[in-house]
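# below is the sequence, then the predicted model.
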Amino acid sequence: MVWRVAPGALVALVALSTLAALTPLGIAYVGKRLIDAVVLRDHDAALSLVLLELGLVSLLALAQRGLSLVRSLLGARLSVDVNVMILDKALLASLSRFEDPEFYDQLSRARREASSRPLAVVMGLFQIVQNTVTLLGYAALLSRASGWAVVGLMASALPATIAEVRLASDAFRLRNRRSPETRRLGYLEYVLGNEVFAKEVRMYGLGPLLLGRYRDVAEGLYREDRGVAVRRAWVGYLLSSLATATFYGCYLALALAAVAGRITLGELTLYVVAFRQGQQAFTSVLSALGGIYEDNLYMTNLFAFLALPPSEPPRASGASPAVAGEGIVFEDVGFRYPGQTRFALRHVSLSIPRGQHLAIVGQNGSGKTTLIKLLTRLYEPTEGRILLDGRDLRDWEDAELRARVGVVFQDFARYQLSLRENVGVGSVPHLDDEARVLRAIERGGADELLGALPEGLETPLGRWFKREGVELSGGQWQRIALARAFMREEADVLILDEPTAALDAEAEQAVFERFQALAAGRTTVLISHRFPTVRGADHIVVLADGAIVEQGSHEALVAAGGRYARMFALQAEGYR
Ligand code: ADP
């Protein structure tokens, strides 16, 4: 991954690590020669050795600076690229994945680790290589004094490292297990700190309640973290004391050897430096191994997420040829939301001829929106099939299908973008087609709004990013959403899921009449609770408990005196 993202940085890393590995050896050796020269009172040698050491130290400083520069650049680079990979993956996931807590856990675990772990693995590897080179050099120097000392020093650092690896994997398991809690914290932060919730949080005095919950969860996590950290500190301290004791044992033996004149003063300093730094290098190798082990555990989360198969398997396109003008047909369609036992829709058979204006009515929860989600292929039917122009929706190319359908959802999005973009994103290829954007605005009934905005099309909507941003009313946002759907001028199926609920009655009537006129010749599917709007449709379908219970024209349904007639009478009563 790193090689692909930044090959140059990787090469620099190799060069600088080698430099940083070898210079300390040189410095130690020059130090020994210097002390011996001093003991011999060799003036010239002392002078040149000090200068040489200065040169080596500057080189080392340069290598270390360079390493930290490469590290921070590579870190920033990887963080960008890995985050892009993750978001790209999230984009490919189907809507149902987003309703799956497991998926959210995976996504948030992957994102949490994205920016730091890949770099940590690479740096860990280099730390190992660098320190191993240093270590081997010191071991070679030291073995002149005592081979046993080398073995002893290495052995004494081993327990600390093994413990480190074990504790790291404990911490990893802990964090993975807590992923749902961490996400809950994130959610509470979002609710407490976001404009969307600010009104209700204040009006209902939810602040203390939610903050209390936040504190409870966070305190619980803190206590667990503290336990792990304290254990790690103690174990680390005790086991590294073992290494220190070994070091001083060897130190003593060497000092006595120097006193007895078996080694020179220069050799004593060389060995002491070699011992100390060799042991440090060894500990760093081992702790880097532990670190890599830990980072790898976290990386498995990231790679597992990146390896998730895309939601929709590639389609056998052209399985059934499309016949223009056949319209939309539901064939005994049933649908169960993932993880649910109850069918949200069952045995729905319905034919919507091309150009028909269909209205769907029914109580909350009767399955109206679900039907739209199936029609727009956000979900695939559990049973039966849906045909568009005689071809199974499943067999349509994604782009082809999306281009044919314009939709405004009940919970349409309010983008913190300019007015132009808010409308234009309805058809991304035409984002810059000003004439089309203006037409869509006019058709959505937002032209008056446009006239009132200070910077016209370029006015930022929403105030997340700009003070000059304009916050709109619910009804105004709704017109923008409508305009967005009208950007799809090529779409021959228009779907409106209660698109006018936030408009006043008069505005709704106006928008709707215009909509009918503009949609002439196109197929429209409309969900509405308002009968003045519904009665204008060619055909009306009444849903109850996930099934079609009545259908027909307004007049026919009223005459039949069934559920539709009762709902109509009830609403008409209210207006009298
Ligand atoms: P309507 O649009 O008619 O108000 P919906 O189609 O939204 O009704 O919902 C139909 C049924 O499906 C309801 O019982 C609802 O609880 C259930 N439902 C809707 N969305 C989901 C979902 N994402 N996951 C599980 N069940 C859902």
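Perfect, I can see it now.
# checking the residue of the stretch 151-300 of the chain found nearest the ligand next. Helix, strand or coil?
When you check the stretch 151-300 of the chain against the ligand by Cβ to the nearest ligand atom, the closest residue turns out to be Tyr187, at 17.1 Å. Every residue, glycine included, has its C-beta placed from N, CA and C. Following DSSP: H, G, I helix; E, B strand; the rest coil, we place Tyr187 in the helix state.
# so who does it touch?
Counting by Cβ atoms under 8 Å, 6 or more residues apart in numbering, Tyr187 makes contact with nothing.
# look up how far Ala218 lies from it.
Distance, Tyr187 to Ala218, using Cβ to Cβ, to the nearest Å: 13 Å.
# give me the common contacts of those two.
With Cβ under 8 Å, 6+ apart, Tyr187 and Ala218 have no common neighbours.
# list the buried residues for stretch 215-229?
Buried residues in stretch 215-229, counted by 16 or more other Cβ atoms under 10 Å: 217-218, 221, 224.
# host element of Ala359?
Per DSSP states H and E, Ala359 falls inside strand 357-362.
# how far off centre is whichever helix or strand comes after that strand?
Downstream of strand 357-362, the first helix or strand assigned by DSSP H and E is helix 368-375. Using Cα atoms, centre = their mean, to the nearest Å, the mean C-alpha position of helix 368-375 is found 27 Å from that of the whole chain.
# circling back: what about the strand holding Ala359 and the ligand, touching?
Yes: residues of strand 357-362 are located near the ligand by Cβ under 6 Å from any ligand atom, namely Gly362.
# what's that strand packed up against?
Contacting strand 357-362 under the criterion 3 or more Cβ pairs under 8 Å, 6 or more residues apart in numbering; DSSP states H and E are the following elements: helix 368-375, strand 523-527, helix 531-534, strand 539-544.
# buried residues in stretch 540-554, which are they?
Neighbour count says stretch 540-554 has 540-543, 546-548, 550-552, 554 buried, by 16+ other Cβ under 10 Å.
# now the two most distant members of the residues you listed.
Using Cβ to Cβ, the pair of those lying farthest apart is Gly546 and His554, separated by 23.1 Å.
# end to end, how far does stretch 488-497 reach?
17 Å (Cα to Cα, to the nearest Å).
# for it, which residues meet the burial criterion?
In stretch 488-497, counting by 16+ other Cβ under 10 Å, buried: 488, 491-497.
# ok, of the residues you listed, which one's closest to the ligand?
Of the buried residues of stretch 488-497, the one sitting nearest to the ligand (Cβ to the nearest ligand atom) turns out to be Asp497, at 7.4 Å.
# so for that closest one, what pLDDT did the model give?
pLDDT, Asp497: 86.
# same question for Ala45.
Ala45 is given a pLDDT of 91.
# now Tyr575
With respect to pLDDT, Tyr575 scores 64.
# residues from this protein in reach of the ligand?
99, 337, 340, 344, 362, 364-370.
# may I see those arranged in CSV, with neighbour count and pLDDT as well?
Shown next, in CSV, are the residues of the chain next to the ligand (neighbours: other Cβ atoms under 10 Å; pLDDT from 0 to 100):
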residue, neighbour count, pLDDT
Glu99, 13, 75
Tyr337, 15, 90
Gln340, 10, 87
Ala344, 21, 93
Gly362, 24, 91
Asn364, 7, 88
Gly365, 13, 90
Ser366, 20, 92
Gly367, 24, 93
Lys368, 23, 93
Thr369, 18, 91
Thr370, 21, 93
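# okay, those in CSV with distance to Gln509 next?
Listed next are the residues of the chain next to the ligand as CSV, based on distance: Cβ to Cβ, whole Å:
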residue, distance to Gln509
Glu99, 35
Tyr337, 35
Gln340, 38
Ala344, 31
Gly362, 22
Asn364, 23
Gly365, 27
Ser366, 25
Gly367, 27
Lys368, 21
Thr369, 23
Thr370, 28
